[in-house]
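# Everything below, folded, please.
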Amino acid sequence: MSQSEFKTGTLSRRSLIKQTAAVGLFTFVPKSVLGDPNQPSANDKLNIACVGIGGKGHSDTLSVSSQNIAALCDVDDRYAARTFEMFPQAKRYRDFRHMLDKQNDIDAVVIATPDHTHALIALTAMKMGKHVYCQKPLTHTVEETRLMRKVAAEMKVATQMGNQGQASEQTRLIQEFISDGAIGPVRQVHIWTDRPMQGVFGEYWPQGVDRPTDAPSAPEHLDWDLWLGPAPRRPYHPAYHPFKWRGWWDFGTGALGDIGCHAMDPVFRALKLGYPLSVQASCTRVNTESYPVASMVTYEFPSRGKMPPVTITWYDGGLKPPRPEELEPGQMMGTGGTLYIGDKGKILNGRIIPETKMKEYTPPAKTLPRSIGHYEEWIEACKGGKPAGSNFEFAGHLTEVVLMGNIALRVELREKLMQQKLLWDAEKREFSNLPEANAFLKKDYRPEFSIHTI
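Residues are numbered from 1 along each chain as shown. You can find the predicted model right below:
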């Protein structure tokens, strides 16, 4: 799309943004002030547009359907059909850019597209003053997380990342347990998942594979060029869409990106984590096309106030830490879980082990505010309430650290990373001992889908 085509009414998008910012961008303004019958007031329902509605986006759309679903957008008509049918009043689009240009009544946007398109859609919407809910991981690269945080703050829009567990009771309880000293100072945390391997629900998606060599025609119900978006051109193949895109470097963020923003969220909150000092990894076969079948990633974090240094180790592909001695015979660690190791004990999946110690422990008073619901937090924030629990300031930092782990898995860096671990300079926000690694903090974009020309 050319700059001349990028219009909203008679003003260019960039001009409209500047004029809006000049008068101050409030989260919600009454209709009477704006004189716009399409602009809702704080007492009205939001006009929400949902982009990427065939997979997780289907349930995301249902989760915000207490509001007005004003527009639906997906590049695959067949994959999105059930959502289109459920909301016949919503206007339908394939290209999110056309949707945002043509439909000026949209207040907020829900994004559940593949990872590689998150930042482009979210940044476009936020720069137009739209509130944004974006699925995890927030972005595809570290550079994108920084820009998302920056633009969200500048535009003063309400944001939320789609890691629903952040709103749970369990997330609050683990923070209160750690703060109470239930297991003493925490020095190690182990986090694991069975993804992408065969699980309870079958194989999640393949990794450690090469690019397909055949090139079948894209089906008519799919706009393949729009699906690729910012990614380099390649022929259509069902190995990528739907869902299996997660295992490919160009589109997804692998098992770590998929689950890390869920599983690490309570750890970051409970241990008040900032940036790591170092990142190192080991893995099975990996190439320039897809993530490894299984991997281990270790982050070392410095002390934080009275909290000592802590090591966080991530396992995927069915790998796990050693079974803790305190776990009773017959008890399972689970196909995915979290183990906190403190000076005075261990917490496995939210409970002190062994179970006898859990029963002896008197939980502290509930000191943290409880959530009204993950999606409800965001809707309330859009209407002028307090920031949502996984707003882009918090979620951007979490995602940034998670994605650092994927850089440590890059096959292009493997030889040098066999001789050293990656050291992180928190002030400069770059790797200090391996300049080649910094190239993977960002990526190139096809010109018509670049985040740098929005």
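
# Counting residues, name the longest helix you see in the chain.
Determined from DSSP state H, the single longest helix within the chain is helix 392-407.

# May I have the beta-bridge partners of Gln188?
Going by DSSP bridges, Gln188 is paired in beta bridges with Thr311, Ile341.

# for it, what are its contacts?
Val310, Thr311, Ile312, Thr313, Tyr340, Ile341 (C-beta atoms under 8 Å, 6 or more residues apart in numbering). C-beta here means a position set from N, CA and C on the backbone, and glycine is covered the same way.

# and the longest helix of the chain, average pLDDT?
In this model, helix 392-407 carries a mean pLDDT of 98.

# in it, what's buried?
For helix 392-407, a neighbour-count test (16 or more other C-beta atoms under 10 Å) marks 392, 394-407 as buried.

# Now do it: which elements does it pack against?
helix 142-155, strand 159-162, helix 254-263, helix 265-271, strand 278-283, strand 295-301, strand 422-425 (3 or more C-beta pairs under 8 Å, 6 or more residues apart in numbering; DSSP states H and E).

# and with 6 Å instead?
helix 142-155, helix 254-263 (3 or more C-beta pairs under 6 Å, 6 or more residues apart in numbering; DSSP states H and E).

# Out of those, indicate the one that is most buried.
Scoring those by mean neighbour count under mean count of other C-beta atoms under 10 Å gives helix 254-263 as the most buried, with a mean of 25.

# pLDDT on that helix, on average?
On average, helix 254-263 scores 97.

# Please tell me how far it is from the chain's geometric centre.
8 Å (C-alpha atoms, centre = their mean, to the nearest Å).

# tell me the angle it makes with helix 392-407.
Helix 254-263 runs at 150 degrees relative to helix 392-407, counting by axes from the mean of the first three to the mean of the last three C-alpha atoms, to 10 degrees.

# Determine the angle, from 0 to 180 degrees, between helix 254-263 and strand 278-283.
130 degrees.

# Report all helices and strands that helix 254-263 contacts.
helix 392-407.

# Quick one: distance of the following helix or strand past the helix it packs on to the chain centre.
Using DSSP states H and E, the helix or strand that follows helix 392-407 in sequence is helix 414-417. Put simply, helix 414-417 sits 28 Å off its chain's centre (C-alpha atoms, centre = their mean).

# got the buried residues for helix 414-417?
Applying 16+ other C-beta under 10 Å to helix 414-417 flags Leu417 as buried.

# What average pLDDT does that helix get?
92.

# hmm, back to that, and the contacts of Gln188, which is closest to His190?
Checking the contacts of Gln188 against His190 with C-beta to C-beta, the nearest one is Thr313 at 5.1 Å.

# Am I right that that closest one is in contact with His190?
Yes - using C-beta atoms under 6 Å, Thr313 is in contact with His190, at 5.1 Å.

# Looking only at neighbour counts, state which of those two leads.
Taking other C-beta atoms under 10 Å, Thr313 and His190 do not tie; His190 has more neighbours (23 against 17).

# Can you name the helix or strand that the closest residue to the more buried one other than its chain neighbours falls in?
Excluding its sequence neighbours, the residue lying closest to His190 (C-beta to C-beta, 6 or more residues apart in numbering) is Pro321, at 3.9 Å. Assigning secondary structure by DSSP H and E places Pro321 outside every helix and strand.

# quick one, which residue of this structure lies the farthest from its center?
Glu360 (37.5 Å; C-alpha atoms, centre = their mean).

# now that one: how far from Leu339?
Distance, Glu360 to Leu339, by C-beta to C-beta, to the nearest Å: 20 Å.

# Can you classify the residue nearest to Pro238 when sequence neighbours are not counted as helix, strand or coil?
Nearest residue to Pro238 in three dimensions, chain neighbours excluded: Pro216, at 7.4 Å (C-beta to C-beta, 6+ apart). What DSSP: H, G, I helix; E, B strand; the rest coil gives for Pro216 is coil.

# what about Pro216, neighbour count?
Pro216, neighbours per other C-beta under 10 Å, totals 10.

# Equivalent analysis for Pro354, please.
For Pro354, using other C-beta under 10 Å, the count is 17.

# For it, give me its contacts.
Glu326, Glu328 (C-beta atoms under 6 Å, 6 or more residues apart in numbering).

# So what does the residue farthest from the centre of the chain look like in phi/psi?
In terms of degrees, to the nearest 10, the main-chain angles of Glu360 are phi -80, psi -20.

# do the same with Tyr445
phi -130, psi 150.

# shouldn't it be in contact with Pro230?
Yes - counting by C-beta under 6 Å, Tyr445 does reach Pro230; the two are 4.3 Å apart.

# So for the two, which sits in the more crowded spot?
Taking neighbours as other C-beta under 10 Å, Tyr445 and Pro230 compare with Pro230 leading, 21 against 18.

# residues touching that one, list them.
For Pro230, the contact set (C-beta under 6 Å, 6+ apart) comprises His116, Leu120, Tyr445, Arg446, Phe449.

# Cys283 now?
Taking C-beta under 6 Å, 6+ apart, one finds Pro292, Ser295, Leu409 in contact with Cys283.

# how would you label the first one: helix, strand or coil?
Going by three-state DSSP, the secondary structure assigned to Pro292 is coil.

# Give me the pLDDT for it.
Per the predicted model, pLDDT is 96 at Pro292.

# What number of neighbouring residues does it come out with?
23.

# Ramachandran angles for it?
phi -70, psi 160.

# Can you tell me how far it is from Val286?
Distance from Pro292 to Val286, by C-beta to C-beta: 4 Å.

# Any idea how far apart the tips of stretch 278-291 sit?
Taking C-alpha to C-alpha, to the nearest Å, the first and last residues of stretch 278-291 lie 21 Å apart.

# list the buried ones in it?
Within stretch 278-291, the residues that qualify as buried are Ser278, Val279, Gln280, Ala281, Ser282, Cys283, Val286, Glu289, Ser290, Tyr291, counting by 16+ other C-beta under 10 Å.

# Does the second one touch Met404 like I think?
Which is Val279. Yes - using C-beta under 6 Å, Val279 is in contact with Met404, at 5.1 Å.

# re earlier: so for the residue farthest from the centre of the chain, what's the pLDDT?
On pLDDT, Glu360 comes in at 97.

# Off-centre distance for stretch 236-251?
For stretch 236-251, the distance to the chain centre is 17 Å (C-alpha atoms, centre = their mean).

# Alright, I will stop here.
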